[in-house]
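Chemist: A structural model of the following input is requested.
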Amino acid sequence: MGWWRRRRWRRGTLWLAGAVAALVVLATGGTFLYFHVISGPTPAPLGLKSATRTRPDSSAATSVAGTWSVATGSVVGYRVQEVLFGQNHVAVGRTGSITGHITISGSTVTAGTFTVQMATVKSDASQRDVQFRGRIMDTSAYPTATLTLTRPIALAPVPATGVVRTFTASADLALHGVTRPVTFPLSAERTSGQIEVSGSIPVLFADWDIPNPSFTGFVTTQNHGVLEFLLKLAS
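Modeler: As a prediction, the model looks like this:
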């Protein structure tokens, strides 16, 4: 009878191994199917779309002095590289719940501040959003993120409508209860009645005491991400 028990044990072991392998294949294949077929392509980075607009207005630039506030169509979000069951994927979450403004005196941006409601940031996966609002960003304790300019930005010569210019901005980024200085490039363009500003800020999670988004056994992420924005400002 011993040989029969050993045979049953081997058959049971083989069945278990086969079942585990099948689950791995299903998980990997299902993840691939979800990322590449069901959920569709990852949203492109936020940026100006000048290539689709008409030719720049070559006439003299008019004054931009005054206060320019966040208008409809503004977007702020994150991009983080993640690996789920061996599949590389860029996690993207975004929100349009933004308030703020810049002040321009003459041809210089003298002040600016923007606030984002963090609990409104959403991705294409509800499970990721639950983790984001909970253990990662703890939006109940830290409901907002704020970016405040700390140095003036010289615009001169003020560009004409349709001309994209690149500037360097210095600011304080308050995120997850921690405020740190950041310096980053941004692109700006005057459109009909608005100023559009786009850029991205690298965020090393440890610098803002943000727990690594990795979820043991399921999702592995890098130790950093990118905060990206496209702001439409109206006077």
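Chemist: going forward, measure contacts and count neighbours with C-alpha atoms only.
Modeler: Fine.
Chemist: paired strands for the top strand by length along the chain, with orientation please.
Modeler: Longest strand in the chain by number of residues, with DSSP state E as the criterion: strand 178-191. According to DSSP bridges, strand 178-191 has the following sheet partners: strand 164-175 (antiparallel), strand 194-204 (antiparallel).
Chemist: looking at those, spot the one closest to residue 88.
Modeler: Nearest to residue 88, of all these, is strand 194-204, at 19.7 Å by C-alpha to C-alpha.
Chemist: now the element after that closest one, going C-ward?
Modeler: Elements were assigned by DSSP states H and E; along the chain past strand 194-204, the next helix or strand is strand 219-221.
Chemist: for the spatially most central residue of the chain, what are its contacts?
Modeler: Note on the chain: the residue nearest the mean C-alpha position is residue 78, at 1.4 Å, using C-alpha atoms, centre = their mean. By C-alpha atoms under 8 Å, 6 or more residues apart in numbering, residue 78 lies in contact with 91, 92, 93, 94, 225, 226, 227, 228.
Chemist: want to throw these into TSV with distance to residue 130?
Modeler: Rendered in TSV, the data for the contacts of residue 78 read as follows (distance: C-alpha to C-alpha, whole Å):
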residue	distance to residue 130
91	14
92	14
93	12
94	14
225	18
226	19
227	19
228	21
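Chemist: which members of those are positioned in strands?
Modeler: Mapping the contacts of residue 78 onto strands (DSSP E) picks out 91, 92, 93, 94, 225, 226, 227, 228.
Chemist: now these in TSV, with pLDDT?
Modeler: TSV is the format used below for the ones in strands among the contacts of residue 78 (pLDDT from 0 to 100):
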residue	pLDDT
91	93
92	97
93	97
94	98
225	96
226	97
227	98
228	98
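Chemist: show me the strands in the chain, by range?
Modeler: 66-70, 75-84, 87-95, 98-105, 108-117, 144-149, 153-154, 164-175, 178-191, 194-204, 219-221, 224-234.
Chemist: can you tell me what sits against the shortest one?
Modeler: It refers to strand 153-154. Outside strand 153-154, the residues within contact range by C-alpha under 8 Å, 6+ apart are 107, 108, 109, 110, 167, 168, 169.
Chemist: tell me which helix or strand of the chain sits lowest on mean pLDDT?
Modeler: helix 2-33 (a mean of 45; mean pLDDT, DSSP states H and E).
Chemist: mind pulling the model confidence for residue 78?
Modeler: We have a pLDDT of 98 for residue 78.
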